[in-house]
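*Asks:* Sequence and predicted structure below; questions after.
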Amino acid sequence: MTCTFRKARPEDFPILLENSTENGKVDQRVIDDSVDIRVMECDGVPIMAIGAITYPGEDMIDTLGIWGIFSKDIKKHTKQAVRFCKDLIFDRVGTKFIVLIDERHPEFIRFVEFFGFRSTKVVEENGGTLYYLYEKEN
């Protein structure tokens, strides 16, 4: 099995959304507002897309909202996914990261906590689903 990492292409999203773990917080507006979107592809099939949206920061700290679309097959590629996220995003210095997590999925919580995110206890509702705001500052 070969996994590669590349910039996202428009044709990746229908494939990912068709087999996604959950789709509530990523829509076309989020995709369009992203400053960077990368895809992890395994054997030619997109398995995960990670994107970043910039927000005005405080005290000269860049703030990036991170979103992801994950194939149901992502569990087969955990090591590659962790490496992909660490190399791509989570080691940037002077950056604050924010993510919204559906806490009904414990694997999502474990994933962001592994990278050092902490819950802020802020909750947003989108499409009937509650998303909890987690943040991390490097």
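*Replies:* Great, that's in hand.
*Asks:* And stretch 118-125, how far out from the chain middle?
*Replies:* Relative to its chain's centre, stretch 118-125 lies at 16 Å (C-alpha atoms, centre = their mean, to the nearest Å).
*Asks:* now stretch 6-14
*Replies:* Here stretch 6-14 is found 14 Å from its chain centre; the criterion is C-alpha atoms, centre = their mean.
*Asks:* got the contact list for it?
*Replies:* 31, 37-39, 41, 46, 49, 51, 69 (C-beta atoms under 8 Å, 6 or more residues apart in numbering). (C-beta placed from N, C-alpha, C; glycine too.)
*Asks:* for the chain, what helix or strand is lowest in average pLDDT?
*Replies:* The weakest-scoring helix or strand in the chain, judged by mean pLDDT, DSSP states H and E, is helix 78-85 (a mean of 79).
*Asks:* helices or strands next to that one in the packing?
*Replies:* strand 3-7, strand 36-42, strand 45-55 (3 or more C-beta pairs under 8 Å, 6 or more residues apart in numbering; DSSP states H and E).
*Asks:* can you put the ones you listed in TSV and add mean neighbour count, distance to Y134 and mean pLDDT?
*Replies:* Output for these, formatted as TSV (neighbours: other C-beta atoms under 10 Å; distance: least, C-beta to C-beta, whole Å; pLDDT from 0 to 100):
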stretch	mean neighbour count	distance to Y134	mean pLDDT
strand 3-7	13	23	88
strand 36-42	19	20	90
strand 45-55	20	15	88
